[in-house]
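J.: Sequence unavailable; structure follows:
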């Protein structure tokens, strides 16, 4: 009996058309799809063909998920474990893949579009403007899930790089305090709620008014907090890159003299 590697697929941020072609094909050929129903919308799961077994993992614990995968794999079925965004970011996939590999079950990962990039597209934002910022930090505030001490939001925010803060809207007051002390009270902040979903909201606020904005909009989950100097250039001219500068030579073009 032919066996197939279990595929961990990134569903993207919510828009079913933002899944990769490879991810879509994996869903279309799957016999079993286990999806994170609390985050992955039904519209994405519909890429699966009629008759495919669909299992929502929202109420499952790790062993239940593994049991489903192992049973189907031993039967020679194609299994897709569908995660929101990109599986490598806050996806808790390593513990699943590690357990499966210990059982001799091969795994593959199909990357997906994470919310930070879908949000940038919705805003028309470039996180890495020349001479303004060349670093993007993806992080979260310490809450029920702790973060290493050296990766505290306070420590990372001190760099004043572009930063996308995940899984932290319920801690908005603490996030606001940190951002006010590092980027400044008037620093522009964007809250991207359910980006690429039909319910998408892009809220422009400041470090000082972040918590108020989130409370007024009744947002408690599935939102991203974006901060950084690049937001100050929204609708304004920014320093130009060297890439298209006629006076700059590179491997494919000589500078105009």
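T.: Looks like it arrived, so ask away. Predicted, not measured: the structure shown is a model, and the values here were computed from it.

J.: For the residue nearest the centre of the chain, give me its contacts.
T.: Nearest to the mean C-alpha position of the chain, by CA atoms, centre = their mean, lies residue 114 at 2.8 Å. By CB atoms under 8 Å, 6 or more residues apart in numbering, the contact set of residue 114 is 10, 13, 85, 86, 89, 138. C-beta: built from backbone N, CA, C; applies to glycine.

J.: Show me these that map onto strands.
T.: 10, 138 (DSSP state E).

J.: by contact count, what packs against the worst-scoring helix or strand of the chain on mean pLDDT?
T.: Across the helices and strands of the chain, the lowest-confidence element by mean pLDDT, DSSP states H and E is helix 42-45, at a mean of 94. With contacts defined as 3 or more CB pairs under 8 Å, 6 or more residues apart in numbering; DSSP states H and E, the packing partners of helix 42-45 are strand 32-35.

J.: Give me the sheet partners of the strand it packs on and which way each runs.
T.: strand 53-56 (parallel), strand 79-83 (parallel) (DSSP bridges).

J.: How about residues contacting the shortest one?
T.: Read it as strand 53-56. Strand 53-56 has contacts (CB under 8 Å, 6+ apart) with 31, 32, 33, 34, 35, 36, 37, 45, 48, 68, 72.

J.: Next: stretch 14-27.
T.: Residues from elsewhere that reach stretch 14-27 (CB under 8 Å, 6+ apart): 7, 9-12, 33, 41, 43-48, 52, 80, 82, 84, 110-113, 118, 194-197.

J.: again with stretch 149-163
T.: 127-128, 133, 135-142, 147, 165, 168, 174-175, 178-179, 181-183, 226-230.

J.: go on, stretch 207-214?
T.: 169, 172-173, 175-176, 179-180, 183-187, 189, 191, 203, 205, 223, 225, 227.

J.: how distant is it from the center of its chain?
T.: Counting by CA atoms, centre = their mean, to the nearest Å, stretch 207-214 is centred 22 Å from the centre of its parent chain.

J.: buried residues in that stretch?
T.: Buried residues in stretch 207-214, counted by 16 or more other CB atoms under 10 Å: 207, 208, 210, 211, 213, 214.
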